[in-house]
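**Student:** take a look and give me a structure for this.
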Amino acid sequence: MTHPKLYESRGAQYYKDSQTTSFCLYAPNARNVWVVLTAFGNEEHRLQMTRTIEGLWETVTDKAKPARTYLYLIEDYHGRYMLRTDPVSFSVVHIPEVNQVHSVVHDETIYQWGDRNWMIHRFQTDPLRSPLSIYEIQAKSWKSGRNQPFKFRQIAPELVIYCQEMGFTHVEMYGILDHARKWERGYQIANYFAPYRDSGTCDDLKYLVDLLHQNGIGVILDWIPTHYHHDHQSHYFSVSLHEYDGTNLHASCPSRWGTLYFDFNKEETRRLLFASALYYIDRLHIDGIRFDAVSQMIRRNQQDIPSAISFLRELNQTIHRHYPGVLCIAEETEGYPNLNRNMNFDLKWNIGWSNDARNLLRTPYAERPQHWKQKVLDVLHWARWSDDKMILTLSHDDTDSGAHNSNCILLNLVSYARNDMDKFSDLRNFFAWQICAPSRGHLIHMGDEIAQPISWYQRFCRELPSMDWSLDNSSTLHGQIQQCVRDLNHLYIDHPQFWQYGEQDFSMIYEYGPNLIVAYHRGIHNNRRIAIIHNFSNRGYKSYDIPLPGSDPNVARIRHAIEIFNTDYPKYGGSGLFQNRQNEIVHNHSNGKLFTLSIPPLGTGVLQENLA
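**Tutor:** Residues are numbered from 1 along each chain as shown. Next comes the predicted model:
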């Protein structure tokens, strides 16, 4: 079934020619519905709505101009009265005088986009053969504390500059959809069309997206289709979808997060969520949707949920058919097979890589050889042969250990190291492993690029910016690892060998578990091939031989190789003792060719081979 774009008919639709606004609400089992036009939280006008045979309630008025606030007064199936926000609100605002959230009439024609060149390029470009370096942020806390969040228009220019400097091609934002409480991460959704009330209007969000697009940066929306917020603020007022007309229009059962799972057998659930996703792509020019908690959406209690699976398949097919270039990305944690083929996702978060890489960081050096195959070799081979196309992620979930500790932050994972030099060397190697390993892209969460010592969520709960800006561009080890991540991102973007064919452009060169050294190739572009060497031990080598595979026909074409990146450079906080810039790296021996090079402890070197 093709689902209508509800945002074109439901909610408050303002018509500039007639200067009237139509209101349309789905509440099939309500006894009566009124539109209540408000000012500073107080009722100014109450308009009776008329019920249609489809269960819609409608009215038209010339009293509701753009920026007018309103609510619906519902007499529900049981005869109870409650004021409700519009479930298809395009903007909502908090009214401090009454401590309520009200819907806002919006004129869709006011904002004039300036991203035409970006949209044309997106239409003409295959995103799976383009660089994907994602910066994940919570917009409301990236630059300020939760009680005084920056507006979308405030953070826009700073976010553009930071992403350009750091080499991020895309921003992924969570906490964008309106959610019930300011101290939340942003995953208990109250409204699936309006942006978060304290961050601005939908036109403010358009401005942020537009400015990012005009500066060559894509935008991915973290979207929550699995569960929703269901608590009512009082017995007479609610921002929730739950039991909107007094009956269950959306819910399945309680979720693990204190919310309710959506029931995808219910047609209204499918219509509402289908329209929400298309709205953000169509009206707000979003370039990708990251589907949250897909595992719990499609499978619970060891049973598949066919209605949810069919919903995802239909939605993804529709997006691909009508919006070429928009990415559909799954966060799936249980290893459900082949999401690309079964549900038409483009990409999937590689949660397995994240777990293995972080566990390897936790493992003392002497114990790492025991885990070599599982946490390094299997990861490389699985990336090459998996049916799903993967993004290697270091997300907000990975470093969130609650309000009162920072156990999961990167620095704590290497707390066993004997000194800061080893800790930060290991972390630089970790980021090089993430960005260089075979994949379709990578994602880094705000604050992790500077290895901040307090977790983002702990800072958020203290009403501080989630990102510790005192460490930004500093001369400390935190600022130096930030520069390392910056240069890795630009290295990745500047060399199509990493992203033109994704994980397909990968072949093994060498691995030796006892020394914790692995080397591999990443593709050829303009007769230049990239070779990466990782050392996961704390022992460095001034001269180390790596034989090149005789089965590789391109080995005979190698004329010379140069080092183009090394995590041990002094500008990153490294020793500078294991560089290869002046060395002849490629040598002949009796069985073929080999690399002879310096390999830093807990470090990565990247070579460029020039082929004949």
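**Student:** pLDDT of stretch 539-546, averaged?
**Tutor:** Mean pLDDT, stretch 539-546: 97.
**Student:** what residues does it touch?
**Tutor:** For stretch 539-546, the external contacting residues (C-beta atoms under 8 Å, 6 or more residues apart in numbering) are 509-510, 515, 517, 519, 533, 535, 577-578, 594-601, 603. The C-beta positions use only the backbone N, C-alpha and C, and glycine is treated the same way.
**Student:** okay, buried residues for stretch 560-571 please.
**Tutor:** Counting neighbours by 16 or more other C-beta atoms under 10 Å, one finds that the buried residues in stretch 560-571 are A561, E563, I564, F565, N566, T567, D568, Y569.
**Student:** bridged to the first one, which residues?
**Tutor:** By that I understand A561. Per DSSP bridges, the residues bridged to A561 are E609.
**Student:** try Y510
**Tutor:** Assigned bridge partners for Y510, using DSSP bridges, are A519.
**Student:** wait, R46 touches L73, no?
**Tutor:** Yes: counting by C-beta atoms under 8 Å, R46 touches L73, with 7.0 Å between them.
**Student:** looking at these two, which one has more neighbours?
**Tutor:** L73 (19 against 10; other C-beta atoms under 10 Å).
**Student:** contact partners for T50?
**Tutor:** Taking C-beta under 8 Å, 6+ apart, we find T50 in contact with W57, E58, T59.
**Student:** give me the buried subset of these.
**Tutor:** Using 16+ other C-beta under 10 Å, the buried ones in the contacts of T50 are W57, E58, T59.
**Student:** quick one, helices of the stretch 251-400 of the chain?
**Tutor:** Ranges of helices within the stretch 251-400 of the chain are 267-282, 294-298, 306-322, 339-343, 351-362, 372, 378-385, based on DSSP state H, counting those that start in this stretch.
**Student:** in CSV: those, plus mean neighbour count.
**Tutor:** Putting those into CSV (neighbours: other C-beta atoms under 10 Å) gives the following:
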stretch, mean neighbour count
helix 267-282, 20
helix 294-298, 22
helix 306-322, 17
helix 339-343, 19
helix 351-362, 18
helix 372, 19
helix 378-385, 16
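**Student:** in strands, which of the buried ones among the contacts of T50 fall?
**Tutor:** Counting by DSSP state E, the members of the buried ones among the contacts of T50 that fall within strands are W57, E58, T59.
**Student:** residues touching the closest residue to the second one other than its chain neighbours, list them.
**Tutor:** Read it as E58. Take E58 and drop its neighbours on the chain: the residue closest to it by C-beta to C-beta, 6 or more residues apart in numbering is C24, 5.1 Å away. The contact partners of C24, by C-beta under 8 Å, 6+ apart, come to S9, R10, G11, Q13, L56, W57, E58.
**Student:** which non-adjacent residue is nearest I305?
**Tutor:** Once flanking residues are discounted, I305 sits nearest to I298: 5.5 Å by C-beta to C-beta, 6+ apart.
**Student:** I'd say the one you found and S307 touch.
**Tutor:** No: proximity of I298 to S307 does not meet the contact threshold set by C-beta under 8 Å, at 9.6 Å.
**Student:** if we can go back for a sec, in a markdown table, list the helices of the stretch 251-400 of the chain along with distance to I450 and mean pLDDT.
**Tutor:** Below are those laid out as a markdown table (distance: least, C-beta to C-beta, whole Å; pLDDT from 0 to 100):
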| stretch | distance to I450 | mean pLDDT |
| --- | --- | --- |
| helix 267-282 | 30 | 97 |
| helix 294-298 | 30 | 95 |
| helix 306-322 | 35 | 97 |
| helix 339-343 | 32 | 88 |
| helix 351-362 | 17 | 94 |
| helix 372 | 30 | 97 |
| helix 378-385 | 25 | 84 |
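**Student:** now those as a markdown table including distance to Y196?
**Tutor:** Output for those, formatted as a markdown table (distance: least, C-beta to C-beta, whole Å):
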| stretch | distance to Y196 |
| --- | --- |
| helix 267-282 | 13 |
| helix 294-298 | 22 |
| helix 306-322 | 23 |
| helix 339-343 | 28 |
| helix 351-362 | 26 |
| helix 372 | 45 |
| helix 378-385 | 35 |
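**Student:** go through these and name the closest to A451.
**Tutor:** Across these, A451 has its closest neighbour in helix 351-362 (11.4 Å, C-beta to C-beta).
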